[in-house]
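A.B. asks: Build the 3D model from these lines:
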Amino acid sequence: MQNGMKIGLTAIILSLAVLFLISFQFFTLTGNIVLEQESFQIGEQIQGNLKMTIEEGDSIKTDTVILLYILKDDEIVESQTLTFKKFIDMSDNPISPTEKPEGNFYETLASHNVEVSKIITKTFEEPGEYKFAFSVLELGIRSEGSFTIQ
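C.D. replies: Residues are numbered from 1 along each chain as shown. This next block holds a predicted model:
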C-alpha cells in the first residue's frame with residue numbers, strides 16, 4: 001500500500017509540475033539604463049535613456065507596471081511608476097498593442113527608448129553617490145546604474 005501511495009503522490013507532483021511549466025510564459029524582454037555621463041552637477045536633471053527591447057515571442061500586457069527609482073545611501077529619494085503602455089507611448093518608437101480577448105499586449109519586435117528626464121524630473125541638490133534603477137516586477141526584470149552629484 002505504501003508503494004502505491006508513493007507512486008500516486010509522485011504522479012500527482014509530476015502532473016502539477018508539467019501543468020505549471022505549460023502555463024508558464026517565458027519573457028525575453030530586455031531593458032537597461034544608459035546615462036549620458038557618470039557625474040552631474042547640483043541642480044541638473046539626470047540625462048540618459050531607459051531602453052526596453054521586445055523580443056520575438058514576448059507578449060507584454062499594456063498595464064504591466066514599470067518602477068523607476070533613485071537611491072542614496074540605500075534610501076529611496078525619488079520614484080515613479082508607469083505602465084508599459086505609457087512607456088511605449090512616450091518612447092521614440094511608439095507602436096499599437098495587439099488586441100486579444102484577454103486584453104491588449106505588446107508583441108511587435110522592437111526597441112523603445114525614453115529619456116530619463118521625461119520620467120524623473122527631479123533635480124538634485126545634495127552631492128553624493130546615487131543609484132538609478134528600474135524594475136518590471138511582473139516579468140522579473142531589473143537593471144541598475146549609478147551616478148554622482150557634484
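A.B. asks: wouldn't residue 120 be in contact with residue 70 here?
C.D. replies: Yes - assessed by Cβ atoms under 8 Å, residue 120 is found in contact with residue 70 at 6.6 Å. (Each C-beta comes from the backbone N, C-alpha and C, glycine too.)
A.B. asks: intersection of neighbour lists for those two?
C.D. replies: 46, 78, 132 (Cβ atoms under 8 Å, 6 or more residues apart in numbering).
A.B. asks: now, which of those residues lie within strands?
C.D. replies: Judged by DSSP state E, the subset of these located in strands is 78, 132.
A.B. asks: just the shared contacts of residue 120 and residue 70 now: which is nearest residue 109?
C.D. replies: Looking at the shared contacts of residue 120 and residue 70 and their distance to residue 109, the nearest is residue 132, at 26.8 Å (Cβ to Cβ).
A.B. asks: The closest one pairs with what?
C.D. replies: When bridges are called by DSSP bridges, residue 132 pairs up with residue 70, residue 145.
A.B. asks: what about it, how many residues close to it?
C.D. replies: Counted with other Cβ atoms under 10 Å, residues neighbouring residue 132 total 21.
A.B. asks: can I assume it is in contact with residue 149?
C.D. replies: No - assessed by Cβ under 8 Å, residue 132 is found out of contact with residue 149, at 11.4 Å.
A.B. asks: thought residue 118 was touching residue 90?
C.D. replies: Yes - shown here, residue 118 and residue 90 form a contact pair, counting by Cβ under 8 Å, at 5.9 Å.
A.B. asks: who has more neighbours, the two?
C.D. replies: The residue with more neighbours, out of residue 118 and residue 90, is residue 90; 16 against 12, by other Cβ under 10 Å.
A.B. asks: Report pLDDT for the more buried one.
C.D. replies: You'll see residue 90 listed with a pLDDT of 96.
A.B. asks: nearest spatial neighbour of it, skipping sequence neighbours?
C.D. replies: Distance criterion Cβ to Cβ, 6 or more residues apart in numbering; nearest residue to residue 90, sequence neighbours excluded, is residue 114 at 4.9 Å.
A.B. asks: ditto for residue 109
C.D. replies: residue 56 (5.3 Å).
A.B. asks: Quick check: that neighbour vs residue 110, distance?
C.D. replies: Separation of residue 56 from residue 110 (Cβ to Cβ, to the nearest Å): 11 Å.
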